[in-house]
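J.: with the input below, show me the fold.
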Amino acid sequence: MVRFDPDAATAAYMATLSPAAHAKATAYTQGGHWLLLWGWLVTVAAAWIILRSGVLVRIRGRVEARRPRPNLAVAGCVLAFLLIDWVIELPWSIYAAWWREGQYGLTKQPFGGWLGEDVLSLAISALPSVLLGLAIYALIRRAPRWWWAWSGGVVVIGLAALMILGPVLIEPLFNTYTPAPPGPTRDAVVALAKVSGVPSDKIYVYNGSKQSERYTANVSGLFGSARVAMSDTMFAQGADIAEVRGVVGHEMGHYARGHIFWSVLVLGVLSVISLWLVGLLFPVVLGWTGRAGIAGIADPAGLPILMAIVATLGLLATPLTNTLTRLQESDADHFSFEHAHEPDGLSKALVKTIAYRASSPSWLEEAIFYDHPSVQRRVHRAMVWKAEHPDLVGK
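T.: Model (predicted):
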């Protein structure tokens, strides 16, 4: 019997794409790294323009012209900042989120459709943004020494609410979710859900191709809102039962392993640290801007400074947050191997994601920029598992 060679099998999977396809994927991926820097610069520049315009100072001044109305001032400043920032950053958003995706063949969405959804996203974000702003600025006023710690708790509550309500209230506004039709694919997903400890009563296919050609699926929501959703792009790109089991098994791993809870916990801790740093840096940055009329961090007219600091800290934290996600992705892959037993199915699917995630980055590039392990690394782990568990493959 010829011994199965994981290295050769991995190389064979990588060779299913042409050198030109790999080169295109590398160009897209590495260009995306630069988008992080340019996006940060655009965000900071927009905040600077809003700050120098003095529009938030005027809004706060008019609201409180006769008597202090801090909550109304916060709401007005948050909404004004949200709208003006969206307008300023719109040309960049068009390039980065729509035009560039189309150039690389990753979306066929017309510009009008993309813009409509972007406006819808802006409208949806208005209420939670105002509520978050009201909570944080109230804590700054009432607990000036420890506001950053309490605000971290507010962020955690907000994230949890978003994860519970998102699949029910928000996602259906952008896509149509249809119960997976009876047949072998649905049966395979239901059976896998039952052995994985994942709710099996909500199995959907959605029109993800409306926005993107990316090959994807997800298990989203918490408790009663949890569901399995497969993009129609999977089937348009020829997903067979083995691929579906491998991919959905991976997504179920996120749910079964409680990755959502770990993410909320870690992001909550990072939020506390970030807000503590915001409190230290705000007066320094305010001094650099030389902007008069802003009383301090409790003044909502200083929101552009706060947001610029948050954006900077977020950029610097990218390697840390990416590492957290990579660890979860590796764990979800292992869960898929152990429960779906489809290393080849998952590997075939992973190769299809190379179009938007180059397969073989350097270790440093992967550590800093990749929120998933490289495809080559993931496929190799799948082939190693296959070699170690020949009796379980496909069962």
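
J.: just give me the neighbour total for the closest residue in space to His334 that isn't next to it in sequence.
T.: In space, His334 comes closest to Gly253 once its chain neighbours are excluded; the distance is 7.4 Å by Cβ to Cβ, 6 or more residues apart in numbering. Heads up, the C-betas are built off the backbone N, CA and C, glycines and all. Residues near Gly253, counting by other Cβ atoms under 10 Å, number 26.

J.: for Val198, see how far away Gly253 is.
T.: 9 Å (Cβ to Cβ, to the nearest Å).

J.: for the stretch 1-150 of the chain, give me the ranges with low pLDDT.
T.: By pLDDT under 70, the low-scoring segments of the stretch 1-150 of the chain are 1-2.

J.: for it, which segments count as helices?
T.: Taking DSSP state H, counting those that start in this stretch, the helices of the stretch 1-150 of the chain run over residues 6-14, 19-53, 55-63, 70-93, 100-103, 111-142, 147-165.

J.: what residues sit buried inside the second one?
T.: Right, the one you point to is helix 19-53. Buried residues in helix 19-53, counted by 16 or more other Cβ atoms under 10 Å: 22, 24-26, 28-29, 32, 39-40, 42-44, 46-48, 50-51.

J.: now do the first one
T.: Residues of helix 6-14 classed as buried under the neighbour-count rule (16+ other Cβ under 10 Å) are 6, 9-10, 13-14.

J.: then the shortest one?
T.: By 16+ other Cβ under 10 Å, the buried positions in helix 100-103 come out as 100-101.

J.: for the residue nearest to His334, helix, strand, or coil?
T.: helix (DSSP: H, G, I helix; E, B strand; the rest coil).

J.: the stretch 151-300 of the chain: helices as residue ranges?
T.: 184-196, 232-236, 241-256, 259-289.

J.: and the first one, what does it pack onto?
T.: Pointing back at helix 184-196 there. Counting contacts by 3 or more Cβ pairs under 8 Å, 6 or more residues apart in numbering; DSSP states H and E, helix 184-196 packs against strand 203-206, strand 227-231, helix 241-256, helix 318-340.

J.: parallel or antiparallel, which strands does the shortest one pair with?
T.: In the sheet, strand 203-206 lines up against strand 177-179 (antiparallel), strand 227-231 (parallel) (DSSP bridges).

J.: please tell me how far it is from the chain's geometric centre.
T.: 20 Å (Cα atoms, centre = their mean, to the nearest Å).

J.: tell me which residues are up against it.
T.: 175-181, 186, 189-190, 193, 227-232, 235 (Cβ atoms under 8 Å, 6 or more residues apart in numbering).

J.: export the helices and strands packed on helix 184-196 to CSV and tack on distance to Arg60 and mean pLDDT?
T.: Shown next, in CSV, are these (distance: least, Cβ to Cβ, whole Å; pLDDT from 0 to 100):
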stretch, distance to Arg60, mean pLDDT
strand 203-206, 42, 93
strand 227-231, 43, 90
helix 241-256, 42, 93
helix 318-340, 33, 95
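
J.: format the ones you listed as JSON lines; extra columns: distance to Arg67.
T.: Shown next, in JSON lines, are the helices and strands packed on helix 184-196 (distance: least, Cβ to Cβ, whole Å):
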{"stretch": "strand 203-206", "distance to Arg67": "50"}
{"stretch": "strand 227-231", "distance to Arg67": "49"}
{"stretch": "helix 241-256", "distance to Arg67": "50"}
{"stretch": "helix 318-340", "distance to Arg67": "43"}
